[in-house]
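S.K.: I'd like to go over a predicted model; first the sequence, then the structure.
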Amino acid sequence: MTSSFRRGIVKVIAVMVTGILAGIFLELFFPYLGSLYPPINTYTQYIRDAIFAILIFGFTVIISKLIRELLERLSQKSGGRNFRGTYVVMRAFLYGVAILLFLSYLGVSLTGALIGGTVGGLIISFALQNTISGILMGLMLASAGIVKPGDPISFHSWLFDSPVIGVVKDVKILTVEVETINGNVVELPTSALMGQTQITNLRDLENRKNGAFSVTLGFPVDADPAHIMEIGSDNLRRSMEEIGLIKFDVFFFSKTFNTNSLKVVFTFKSMAHLNACISTIHLSFEKAYQTVKKQKNN
(Lines give C-alpha, C1' and ligand atoms only; values in the text may rest on other atoms or scores of the structure.)
Protein backbone atom coordinates (compact mmCIF):
# COMPACT_ATOMS: atom_id res chain seq x y z
CA MET A 1 0.00 0.00 0.00
CA THR A 2 1.54 3.29 -1.10
CA SER A 3 1.82 6.32 1.16
CA SER A 4 -0.62 8.34 -1.00
CA PHE A 5 -3.17 5.53 -0.76
CA ARG A 6 -2.78 5.45 3.02
CA ARG A 7 -3.22 9.21 3.14
CA GLY A 8 -6.41 8.82 1.13
CA ILE A 9 -7.81 6.34 3.63
CA VAL A 10 -6.91 8.70 6.46
CA LYS A 11 -8.81 11.48 4.66
CA VAL A 12 -11.88 9.24 4.33
CA ILE A 13 -11.77 8.49 8.06
CA ALA A 14 -11.27 12.21 8.80
CA VAL A 15 -14.34 13.12 6.73
CA MET A 16 -16.43 10.50 8.54
CA VAL A 17 -15.26 11.70 11.96
CA THR A 18 -15.90 15.31 10.93
CA GLY A 19 -19.43 14.36 9.89
CA ILE A 20 -20.11 12.68 13.21
CA LEU A 21 -18.75 15.63 15.17
CA ALA A 22 -20.73 18.08 13.04
CA GLY A 23 -23.91 16.07 13.69
CA ILE A 24 -23.27 16.07 17.43
CA PHE A 25 -22.58 19.81 17.35
CA LEU A 26 -25.81 20.54 15.51
CA GLU A 27 -27.94 18.39 17.81
CA LEU A 28 -26.43 19.47 21.12
CA PHE A 29 -25.14 23.03 20.77
CA PHE A 30 -27.42 24.62 18.19
CA PRO A 31 -30.51 24.47 20.39
CA TYR A 32 -28.49 26.11 23.15
CA LEU A 33 -27.18 28.80 20.80
CA GLY A 34 -30.72 29.31 19.50
CA SER A 35 -31.98 29.96 22.98
CA LEU A 36 -29.28 32.56 23.55
CA TYR A 37 -29.64 34.18 20.14
CA PRO A 38 -33.07 33.36 18.60
CA PRO A 39 -32.38 34.78 15.08
CA ILE A 40 -29.84 31.98 14.51
CA ASN A 41 -32.72 29.47 14.44
CA THR A 42 -33.73 30.89 11.04
CA TYR A 43 -30.44 29.70 9.52
CA THR A 44 -30.18 26.34 11.27
CA GLN A 45 -31.55 24.32 8.37
CA TYR A 46 -29.37 26.12 5.84
CA ILE A 47 -26.31 25.37 7.95
CA ARG A 48 -27.36 21.71 8.18
CA ASP A 49 -27.75 21.53 4.39
CA ALA A 50 -24.39 23.18 3.78
CA ILE A 51 -22.56 20.86 6.19
CA PHE A 52 -24.23 17.78 4.68
CA ALA A 53 -23.30 18.92 1.14
CA ILE A 54 -19.67 19.52 2.13
CA LEU A 55 -19.42 16.13 3.80
CA ILE A 56 -21.04 14.05 1.07
CA PHE A 57 -19.22 15.68 -1.83
CA GLY A 58 -15.94 15.80 0.07
CA PHE A 59 -16.31 12.10 0.77
CA THR A 60 -17.08 11.48 -2.92
CA VAL A 61 -14.00 13.39 -4.12
CA ILE A 62 -11.68 11.44 -1.81
CA ILE A 63 -13.20 8.07 -2.73
CA SER A 64 -12.90 9.01 -6.41
CA LYS A 65 -9.19 9.77 -6.03
CA LEU A 66 -8.61 6.49 -4.18
CA ILE A 67 -10.32 4.54 -6.96
CA ARG A 68 -8.25 6.36 -9.57
CA GLU A 69 -4.99 5.46 -7.83
CA LEU A 70 -6.11 1.85 -7.38
CA LEU A 71 -7.01 1.50 -11.08
CA GLU A 72 -3.71 3.12 -12.06
CA ARG A 73 -1.80 0.54 -10.01
CA LEU A 74 -3.86 -2.31 -11.48
CA SER A 75 -3.19 -1.05 -15.02
CA GLN A 76 0.55 -0.94 -14.38
CA LYS A 77 0.62 -4.44 -12.89
CA SER A 78 -1.75 -6.15 -15.31
CA GLY A 79 0.71 -6.08 -18.21
CA GLY A 80 -2.05 -5.99 -20.79
CA ARG A 81 -5.29 -4.56 -19.50
CA ASN A 82 -5.88 -0.87 -19.08
CA PHE A 83 -8.41 -0.07 -16.34
CA ARG A 84 -8.10 3.71 -16.65
CA GLY A 85 -11.22 3.99 -18.77
CA THR A 86 -13.23 2.34 -16.01
CA TYR A 87 -12.43 5.28 -13.74
CA VAL A 88 -14.56 7.67 -15.81
CA VAL A 89 -17.59 5.41 -15.48
CA MET A 90 -17.07 4.88 -11.76
CA ARG A 91 -16.53 8.59 -11.13
CA ALA A 92 -19.77 9.44 -12.95
CA PHE A 93 -21.56 6.80 -10.87
CA LEU A 94 -20.14 8.12 -7.57
CA TYR A 95 -21.10 11.72 -8.29
CA GLY A 96 -24.52 10.60 -9.51
CA VAL A 97 -25.13 8.76 -6.24
CA ALA A 98 -23.88 11.77 -4.25
CA ILE A 99 -26.28 14.10 -6.07
CA LEU A 100 -29.21 11.72 -5.55
CA LEU A 101 -28.40 11.41 -1.85
CA PHE A 102 -28.25 15.17 -1.45
CA LEU A 103 -31.54 15.64 -3.32
CA SER A 104 -33.12 12.96 -1.17
CA TYR A 105 -31.86 14.72 1.95
CA LEU A 106 -33.42 17.96 0.73
CA GLY A 107 -36.74 16.18 0.24
CA VAL A 108 -36.78 16.39 -3.56
CA SER A 109 -38.94 13.74 -5.24
CA LEU A 110 -36.49 11.43 -6.98
CA THR A 111 -39.26 9.93 -9.11
CA GLY A 112 -40.05 13.28 -10.68
CA ALA A 113 -36.38 14.08 -11.03
CA LEU A 114 -35.70 10.78 -12.80
CA ILE A 115 -38.60 11.31 -15.22
CA GLY A 116 -37.41 14.82 -15.98
CA GLY A 117 -33.85 13.56 -16.27
CA THR A 118 -34.89 10.91 -18.75
CA VAL A 119 -36.58 13.46 -21.00
CA GLY A 120 -33.68 15.87 -20.62
CA GLY A 121 -31.20 13.06 -21.25
CA LEU A 122 -32.90 12.20 -24.55
CA ILE A 123 -32.72 15.83 -25.67
CA ILE A 124 -29.07 16.12 -24.67
CA SER A 125 -28.15 12.78 -26.29
CA PHE A 126 -29.51 13.95 -29.64
CA ALA A 127 -27.70 17.27 -29.36
CA LEU A 128 -24.40 15.73 -28.26
CA GLN A 129 -24.47 12.40 -30.07
CA ASN A 130 -21.02 12.91 -31.67
CA THR A 131 -19.45 13.78 -28.31
CA ILE A 132 -21.16 10.85 -26.60
CA SER A 133 -19.98 8.56 -29.39
CA GLY A 134 -16.43 9.81 -28.87
CA ILE A 135 -16.67 9.19 -25.12
CA LEU A 136 -17.90 5.62 -25.63
CA MET A 137 -15.11 4.94 -28.13
CA GLY A 138 -12.59 6.35 -25.67
CA LEU A 139 -13.89 4.06 -22.95
CA MET A 140 -13.62 1.06 -25.24
CA LEU A 141 -10.09 1.99 -26.34
CA ALA A 142 -8.89 2.65 -22.78
CA SER A 143 -10.48 -0.41 -21.17
CA ALA A 144 -9.51 -2.88 -23.92
CA GLY A 145 -5.79 -2.28 -23.39
CA ILE A 146 -5.14 -1.79 -27.14
CA VAL A 147 -3.24 1.42 -26.49
CA LYS A 148 -1.35 1.83 -23.20
CA PRO A 149 0.88 4.58 -21.82
CA GLY A 150 4.54 3.85 -22.52
CA ASP A 151 3.90 1.79 -25.66
CA PRO A 152 5.71 2.73 -28.91
CA ILE A 153 2.94 2.70 -31.52
CA SER A 154 2.37 3.58 -35.18
CA PHE A 155 -1.03 5.09 -36.09
CA HIS A 156 -1.77 4.92 -39.80
CA SER A 157 -4.98 6.44 -41.17
CA TRP A 158 -6.29 8.32 -44.19
CA LEU A 159 -7.27 11.01 -41.68
CA PHE A 160 -3.59 11.85 -41.06
CA ASP A 161 -1.15 13.30 -43.58
CA SER A 162 1.39 10.63 -42.63
CA PRO A 163 1.62 7.85 -40.02
CA VAL A 164 1.90 9.13 -36.46
CA ILE A 165 4.74 7.21 -34.81
CA GLY A 166 5.75 7.69 -31.21
CA VAL A 167 5.32 6.74 -27.57
CA VAL A 168 1.88 6.94 -25.94
CA LYS A 169 1.97 9.34 -23.00
CA ASP A 170 -1.64 9.12 -21.80
CA VAL A 171 -4.91 7.49 -22.82
CA LYS A 172 -7.79 9.87 -22.17
CA ILE A 173 -11.48 9.59 -22.91
CA LEU A 174 -11.61 11.85 -25.97
CA THR A 175 -7.97 11.81 -27.04
CA VAL A 176 -4.76 9.78 -26.91
CA GLU A 177 -1.64 11.81 -26.13
CA VAL A 178 1.41 10.73 -28.16
CA GLU A 179 4.98 12.01 -28.10
CA THR A 180 6.13 11.53 -31.69
CA ILE A 181 9.61 10.51 -32.83
CA ASN A 182 10.07 14.16 -33.83
CA GLY A 183 9.61 15.29 -30.20
CA ASN A 184 6.15 16.80 -30.67
CA VAL A 185 3.23 15.96 -28.39
CA VAL A 186 0.00 15.42 -30.32
CA GLU A 187 -3.54 14.60 -29.24
CA LEU A 188 -5.23 12.01 -31.46
CA PRO A 189 -9.04 11.86 -31.17
CA THR A 190 -10.32 8.45 -30.10
CA SER A 191 -13.13 8.72 -32.63
CA ALA A 192 -10.47 8.64 -35.37
CA LEU A 193 -8.63 5.69 -33.86
CA MET A 194 -11.57 3.32 -33.54
CA GLY A 195 -12.43 1.76 -36.89
CA GLN A 196 -10.52 4.26 -39.07
CA THR A 197 -6.91 3.72 -38.05
CA GLN A 198 -4.43 0.89 -38.32
CA ILE A 199 -2.70 0.62 -34.95
CA THR A 200 0.66 -1.16 -34.90
CA ASN A 201 2.28 -1.74 -31.52
CA LEU A 202 6.06 -1.53 -31.90
CA ARG A 203 6.84 -2.72 -28.37
CA ASP A 204 8.04 -6.20 -29.39
CA LEU A 205 9.87 -4.74 -32.38
CA GLU A 206 11.75 -2.28 -30.20
CA ASN A 207 12.57 -5.02 -27.70
CA ARG A 208 13.89 -7.15 -30.58
CA LYS A 209 11.45 -9.99 -29.87
CA ASN A 210 9.64 -10.14 -33.21
CA GLY A 211 8.19 -8.01 -35.99
CA ALA A 212 9.86 -5.34 -38.07
CA PHE A 213 9.35 -1.89 -39.54
CA SER A 214 9.32 -1.32 -43.29
CA VAL A 215 10.05 1.42 -45.81
CA THR A 216 8.97 1.33 -49.46
CA LEU A 217 11.27 2.91 -52.05
CA GLY A 218 10.41 3.78 -55.64
CA PHE A 219 12.86 4.16 -58.54
CA PRO A 220 12.52 4.76 -62.28
CA VAL A 221 12.81 1.66 -64.45
CA ASP A 222 15.96 2.96 -66.17
CA ALA A 223 18.20 1.14 -63.65
CA ASP A 224 18.51 -2.56 -62.78
CA PRO A 225 16.64 -3.15 -59.45
CA ALA A 226 18.81 -6.14 -58.51
CA HIS A 227 21.92 -4.00 -58.87
CA ILE A 228 20.31 -1.21 -56.80
CA MET A 229 19.46 -3.72 -54.08
CA GLU A 230 23.05 -5.00 -53.98
CA ILE A 231 24.80 -1.63 -53.86
CA GLY A 232 22.19 -0.07 -51.57
CA SER A 233 22.54 -2.94 -49.09
CA ASP A 234 26.32 -2.47 -49.05
CA ASN A 235 25.88 1.25 -48.43
CA LEU A 236 23.45 0.62 -45.59
CA ARG A 237 25.60 -2.02 -43.85
CA ARG A 238 28.38 0.52 -43.38
CA SER A 239 26.08 2.73 -41.30
CA MET A 240 24.19 0.13 -39.25
CA GLU A 241 26.01 0.55 -35.97
CA GLU A 242 26.00 4.33 -36.16
CA ILE A 243 22.23 4.67 -36.73
CA GLY A 244 21.10 1.88 -34.37
CA LEU A 245 20.01 -0.50 -37.14
CA ILE A 246 20.00 -4.13 -35.97
CA LYS A 247 19.24 -5.98 -39.20
CA PHE A 248 17.44 -5.49 -42.50
CA ASP A 249 16.21 -7.31 -45.59
CA VAL A 250 15.52 -5.88 -49.05
CA PHE A 251 12.83 -7.18 -51.40
CA PHE A 252 11.66 -6.33 -54.90
CA PHE A 253 8.15 -5.25 -53.96
CA SER A 254 6.25 -4.22 -57.09
CA LYS A 255 6.60 -2.97 -60.65
CA THR A 256 4.53 -0.50 -62.67
CA PHE A 257 4.97 0.97 -66.12
CA ASN A 258 7.63 3.47 -65.02
CA THR A 259 8.50 2.60 -61.40
CA ASN A 260 10.26 -0.26 -59.62
CA SER A 261 9.46 -0.50 -55.89
CA LEU A 262 11.73 -1.99 -53.25
CA LYS A 263 10.78 -2.73 -49.66
CA VAL A 264 13.31 -2.56 -46.84
CA VAL A 265 12.20 -4.45 -43.72
CA PHE A 266 14.31 -3.69 -40.65
CA THR A 267 14.55 -3.72 -36.86
CA PHE A 268 16.16 -1.00 -34.75
CA LYS A 269 17.44 -0.49 -31.22
CA SER A 270 14.97 2.12 -29.97
CA MET A 271 12.42 4.69 -31.12
CA ALA A 272 15.13 7.33 -30.85
CA HIS A 273 16.92 5.68 -33.81
CA LEU A 274 13.92 5.34 -36.12
CA ASN A 275 14.26 8.69 -37.91
CA ALA A 276 17.97 8.10 -38.56
CA CYS A 277 17.26 4.60 -39.84
CA ILE A 278 14.57 5.77 -42.28
CA SER A 279 16.72 8.65 -43.52
CA THR A 280 19.83 6.51 -44.03
CA ILE A 281 17.85 3.80 -45.84
CA HIS A 282 16.51 6.34 -48.33
CA LEU A 283 19.92 7.94 -48.86
CA SER A 284 21.72 4.59 -49.23
CA PHE A 285 19.42 3.29 -51.94
CA GLU A 286 19.11 6.66 -53.68
CA LYS A 287 22.90 6.74 -53.88
CA ALA A 288 22.81 3.18 -55.22
CA TYR A 289 20.31 4.19 -57.92
CA GLN A 290 22.51 7.09 -59.00
CA THR A 291 25.56 4.76 -59.13
CA VAL A 292 23.75 2.13 -61.21
CA LYS A 293 22.36 4.76 -63.58
CA LYS A 294 25.82 6.34 -64.00
CA GLN A 295 27.36 2.92 -64.73
CA LYS A 296 24.69 2.24 -67.31
CA ASN A 297 25.24 5.56 -69.05
CA ASN A 298 29.00 4.98 -69.16
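M.R.: Here it is on my side, so go on.
S.K.: tell me which residues in stretch 225-233 are buried?
M.R.: Neighbour counts over stretch 225-233 (16 or more other CB atoms under 10 Å) mark Pro225, His227, Ile228, Met229, Ile231, Gly232, Ser233 as buried. Placement of C-beta: from N, CA and C, glycine included.
S.K.: correct me, but the third one touches Ser261?
M.R.: I take that to be Ile228. No. In terms of CB atoms under 8 Å, Ile228 does not count as a neighbour of Ser261; the distance is 11.1 Å.
S.K.: one step back: pick out the lowest-pLDDT one from the buried residues of stretch 225-233.
M.R.: In terms of pLDDT, the weakest of the buried residues of stretch 225-233 is Pro225, which scores 90.
S.K.: Find the nearest non-adjacent residue to that residue, please.
M.R.: Closest residue to Pro225 in three dimensions, ignoring its sequence neighbours and counting by CB to CB, 6 or more residues apart in numbering: Asn260, at 4.5 Å.
S.K.: contacting residues around stretch 162-170?
M.R.: When contacts are defined by CB atoms under 8 Å, 6 or more residues apart in numbering, stretch 162-170 is touched by residues 147-156, 176-182, 185-186, 188, 202, 271, 274.
S.K.: filter the residues you listed to the buried ones?
M.R.: Buried among the contacts of stretch 162-170 by 16+ other CB under 10 Å: 147-149, 151-155, 176-181, 186, 188, 202, 271, 274.
S.K.: Mutual contacts of Ile228 and Ser261, please.
M.R.: Common contact partners of Ile228 and Ser261 (CB under 8 Å, 6+ apart): Phe219.
S.K.: helices or strands next to the helix or strand containing the residue nearest to Pro225 in the packing?
M.R.: For Asn260, the host element (DSSP states H and E) is strand 259-268. The contact analysis (3 or more CB pairs under 8 Å, 6 or more residues apart in numbering; DSSP states H and E) places strand 259-268 against helix 203-206, strand 213-220, helix 225-237, strand 245-255, helix 274-297.
S.K.: Next, find the distance separating the closest residue in space to Thr216 that isn't next to it in sequence from Met229.
M.R.: Excluding the flanking residues, the one nearest Thr216 by CB to CB, 6+ apart is Lys263, at 5.2 Å. Note on Lys263: its distance to Met229, by CB to CB, to the nearest Å, is 10 Å.
S.K.: Quick check: neighbours shared by the two?
M.R.: Counting by CB under 8 Å, 6+ apart, the residues touching both Lys263 and Met229 are Val250.
S.K.: those strands in this protein, which residues are they?
M.R.: Taking DSSP state E to define them, one finds strands in the chain at 152-156, 164-171, 175-180, 185-189, 198-201, 213-220, 245-255, 259-268.
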